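Asks: Model the following, please.
(chains A and B)
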Amino acid sequence: MVGAVSVRVRIAPSPTGPLHIGTARTALYNYLFAKRVGGTFILRLEDTDEARSTLDFERDILEELHWLGIEWDEGPEIAGQPAKGSYGPYRQMQRIERHRQVAEQFLSEDKAYYCYCTPELLDADRKAQEAAHEPPHYVGRCAHLTPAERAEREAQGLKPTIRFRVGNGVVAFDDIIRGHVEISTTALGGDLIIVRSNGTPLYHFAVCVDDADMAISHIIRGEDHLSNTPKHILLFRAMGADVPQFAHLPLILNPDRTKMSKRKSQTAVSDYRTQGYIPEAFDNFLALLGWSSGTEEEIFSLAQLVDRFSLERVHQGGAIFDRERLEWLNGQWIRKLPDDELIERVLPFLVADLTILESNGVSVRMPAAEDVRALLPMIRERLPILSAVGPLVDFLFVQELRVDPELLVPKRWDAATTLAALTAARRVIANVGEVSFEADELEGPLRQLAEDRGWKPGDLFMAIRVAVTGKTATPPLFDTLVALGYERTLERLDAARALIEAVPPG
RNA sequence: GCCCCCAUCGUCUAGAGGCCUAGGACGCCACCCUUUCAAGGUGGAGAUCAGGGGUUCGAAUCCCCUUGGGGGCACCA
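Replies: Numbering: from 1, shown residues only, chains lettered A, B, ... in the order given. Next up, the predicted model:
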């Protein structure tokens, strides 16, 4: 690859909200790129927005990145764990002195100047420009103040911002994904504020200082920053720093093709986790949103992605977040999980489901890992998401099953037939006995019963199914009966018969 | 308004001038398997490659224009 220059990339989330899908995808691509070429992946926390940053959001971001398997080589101290890496600090709040220092230097080199324009004045400028159909820009009122003029404004008590001179000309760069891009400085909105009147740095400035200090070699980020890139390049140049390579990723879109937003889509990674999506599938899905291997394979583990990823194969067009596809991938990955893994991951979802039933007054037995292990063959193919486990098998853990009498009678049958069938089935099952109570032992006699009586096996089985589960869609019946156990199967059959008898035949 | 980016089935995409009467996957439909639900298998519908001009013997692929979509233009990040 490059050889002399080591690859250093970063993800710089700001803890003003939970980890966003878009940030996760950007993090993943940075991670994959770094790991692919043996580079360094850095986490930097942009926590300068004190009003909106919270520790909870920070924790969410860190936890979800970890959940996705995206581990950083360098990053800040966290919960007692020391910082990693020698380019720190990795929290922007702790870098403010450095930002101020660079701003001072810009001032001394006349690359920046103090601006005393008030927000009200700037607002009026913008309004006037809008009325004149001009693009909004800073008019340069304070660009060349004399010392006397400055002193006068200081005397009025005006607190200045610091503005960076963008100059005239065209800024060009070669984006790894977009190719050659040229933007005129006139499109930048005039000299930009890099330090607020309260002394804190602004985003565009802080990022560039930090990226330069951390020797970031490649900036891989969302396309929404493409238009801002010239500002950053100018800032890098002004610092005398190497300008990194840029790679602008296509946006992840809402179904209406606008930039994915909380308003129109579910954007928090943690929400997907709590709904039972698994990280293997999520990484796979995220990777495929904007990148493809060029082969017809599409199931990739994180390690396989590291192996195949390249920025050159990232697309240019935005991609709609397609939940159906994510769900399909999730099912694929759930089917691939080793038994112990699946048990460990699915158990909490089952417990959560039963806890809800319990809080609604249903008496339940809480399952243990071994309970789930026995159910694995019957649920594995039926879980698009982990949270689907409850509806699938919760009836096994409730003490008193409530059955809807309407469901009890198969479509082609009447109540009398159903009652007769359940009575006969009970007898057949009782005859099989507790010792031989296994799927293979049950199927033959019950099929025989259907044949003897001229019933379709499906109808008989459906009547039994509803009687013992309360549902019309369940895992295979005989496995279900075995999971339920001899005693409870008979009890539920009896309860169902009683229920039919209590309801007027119709 | 100005600047920038983008444009192949509903969706994610393959495609880097002839292999394309455009391939795969999700979703959808049908059939098979089948006790229900899944999973799996087979098949099908679905894109005149946004439109129009070029370049070329030949264009989804290169160029231009148009249209459409998106993003950016803050003392937000």
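
Asks: ok now do the spatially most central residue of chain A, which residues does it touch?
Replies: Among the residues of chain A, the one closest to the centroid is A:Val269, at 2.6 Å (Cα atoms, centre = their mean). Shown in contact with A:Val269 (Cβ atoms under 8 Å, 6 or more residues apart in numbering): A:Pro18, A:Leu19, A:His20, A:Ile21, A:Ala24, A:Glu64, A:Trp67, A:Leu68, A:Phe282. (Glycine included, C-beta is placed from N, CA and C.)

Asks: and with 10 Å instead?
Replies: A:18-21, A:23-25, A:27, A:60-61, A:63-65, A:67-68, A:277, A:279, A:282, A:286 (Cβ atoms under 10 Å, 6 or more residues apart in numbering).

Asks: from the residues you listed, which ones fall inside helices?
Replies: Counting by DSSP state H, the part of these found in helices is A:21, A:23-25, A:27, A:60-61, A:63-65, A:67, A:279, A:282, A:286.

Asks: what's the closest of those to A:Glu370?
Replies: Closest approach to A:Glu370 among these (Cβ to Cβ): A:Pro279, at 25.2 Å.

Asks: my guess is that closest one contacts A:His66, does it?
Replies: Yes: at 9.4 Å, A:Pro279 and A:His66 qualify as touching, with contact defined as Cβ atoms under 10 Å.

Asks: Of those two, which one has the most company?
Replies: Between A:Pro279 and A:His66, A:Pro279 has the larger neighbour count (other Cβ atoms under 10 Å), namely 20 against 12.

Asks: Could I get the pLDDT score of the more buried one?
Replies: Note for A:Pro279: predicted pLDDT of 98.

Asks: Now for the nearest residue to A:Thr480 once chain neighbours are set aside, how many residues are close by?
Replies: Excluding its sequence neighbours, the residue lying closest to A:Thr480 (Cβ to Cβ, 6 or more residues apart in numbering) is A:Thr474, at 5.5 Å. By the measure other Cβ under 10 Å, the count of residues near A:Thr474 is 20.

Asks: how near is A:Thr474 to RNA strand B?
Replies: Going from A:Thr474 to RNA strand B by Cβ to the nearest atom of the strand, to the nearest Å gives 4 Å.

Asks: likewise A:Phe173?
Replies: When A:Phe173 is compared with RNA strand B (using Cβ to the nearest atom of the strand), they lie 10 Å apart.

Asks: Is it correct that that residue falls within a strand?
Replies: Yes: under DSSP: H, G, I helix; E, B strand; the rest coil, A:Phe173 falls within a strand.

Asks: What about it, how many residues nearby?
Replies: So A:Phe173, with other Cβ under 10 Å, has 19 neighbours.

Asks: for A:Asp60, what are its contacts?
Replies: Contacts of A:Asp60 by Cβ under 10 Å, 6+ apart are A:Pro15, A:Gly17, A:Pro18, A:Leu19, A:Thr54, A:Ala268, A:Val269, A:Ser270.

Asks: quick one: pLDDT of it?
Replies: So, for A:Asp60, pLDDT stands at 96.

Asks: For it, which non-adjacent residue is closest in space?
Replies: Nearest to A:Asp60 is A:Pro18, by Cβ to Cβ, 6+ apart, at 4.4 Å.

Asks: okay, now the one you found: neighbour count?
Replies: Residues near A:Pro18, counting by other Cβ under 10 Å: 19.

Asks: What are the phi and psi values at it?
Replies: Dihedral pair for A:Pro18: phi -70, psi 160, per degrees, to the nearest 10.

Asks: Could you verify my assumption that it touches A:Thr274?
Replies: No: taking contacts as Cβ under 10 Å, A:Pro18 lies outside contact range of A:Thr274: 11.2 Å.

Asks: Common neighbours of these two, please.
Replies: A:Ala268.

Asks: circling back to that earlier point, would you mind listing the two of the contacts of A:Asp60 that lie farthest apart?
Replies: A:Thr54 and A:Val269 (16.6 Å).

Asks: any idea where the helices of the stretch 1-150 of chain A begin and end?
Replies: Counting by DSSP state H, counting those that start in this stretch, one finds helices in the stretch 1-150 of chain A at the ranges A:21-36, A:55-67, A:96-108, A:119-131, A:147-155.

Asks: quick one: low-confidence parts of chain A?
Replies: Filtered on pLDDT under 70, chain A yields the residue ranges A:1-5, A:503-506.

Asks: Looking at the contacts of A:Asp60, state which has the most neighbours.
Replies: A:Val269 (27 neighbours).

Asks: what kind of secondary structure is A:Gln332 in?
Replies: helix.

Asks: how about the residue lying closest to it once chain neighbours are set aside, what does it touch?
Replies: Spatial nearest neighbour of A:Gln332, chain neighbours left out: A:Ile299 (5.9 Å); criterion: Cβ to Cβ, 6+ apart. Going by Cβ under 10 Å, 6+ apart, A:Ile299 touches A:Glu280, A:Ala281, A:Asn284, A:Leu288, A:Leu329, A:Gln332, A:Trp333, A:Lys336.

Asks: Tell me the one of those residues nearest A:Ala352?
Replies: A:Ala281 (19.7 Å).

Asks: what residues are up against that closest one?
Replies: Contacts for A:Ala281 (Cβ under 10 Å, 6+ apart) come out as A:272, A:299, A:326-334, A:336, A:384-385.

Asks: Return the distance of it relative to A:Trp67.
Replies: 12 Å (Cβ to Cβ, to the nearest Å).

Asks: overlap in contacts of these two?
Replies: A:Tyr272.

Asks: picking that back up, deepest-packed of the helices of the stretch 1-150 of chain A, please.
Replies: Neighbour counts (mean count of other Cβ atoms under 10 Å) averaged over each of these peak at helix A:21-36, with a mean of 24.

Asks: how many neighbours does A:Arg273 have?
Replies: 18.

Asks: near RNA strand B, which residues of the stretch 1-150 of chain A?
Replies: By the rule Cβ under 7 Å from any atom of the strand, the part of the stretch 1-150 of chain A lying against RNA strand B is A:14, A:16, A:46, A:48-49, A:52, A:117-119, A:122, A:126, A:133-138.

Asks: 6 Å - rerun?
Replies: By Cβ under 6 Å from any atom of the strand, the residues of the stretch 1-150 of chain A that approach RNA strand B are A:Ser14, A:Glu46, A:Thr48, A:Asp49, A:Thr118, A:Pro119, A:Leu122, A:His133, A:Pro135, A:Pro136.

Asks: just the buried members of these?
Replies: By neighbour count, with 16 or more other Cβ atoms under 10 Å, these hold A:Ser14, A:Glu46, A:Thr48, A:Leu122 as buried.

Asks: Phi and psi next, for the third one.
Replies: The reference is to A:Thr48. phi -80, psi -20.

Asks: For the residue nearest to the centre of chain A, give its distance to A:Val9.
Replies: A:Val269 is 20 Å from A:Val9, by Cβ to Cβ.

Asks: What of A:Arg365?
Replies: A:Arg365 is 50 Å from A:Val9, by Cβ to Cβ.

Asks: Of the two, which one has the most company?
Replies: A:Val9 (28 against 12).

Asks: Can you verify A:Phe300 is assigned to a strand?
Replies: No: assigned with three-state DSSP, A:Phe300 falls outside any strand and is coil.

Asks: quick one: which of the contacts of A:Ala281 is nearest RNA strand B?
Replies: A:Trp328 (3.6 Å; Cβ to the nearest atom of the strand).

Asks: That closest one belongs to a helix?
Replies: Yes: assessed with three-state DSSP, A:Trp328 lies in a helix.
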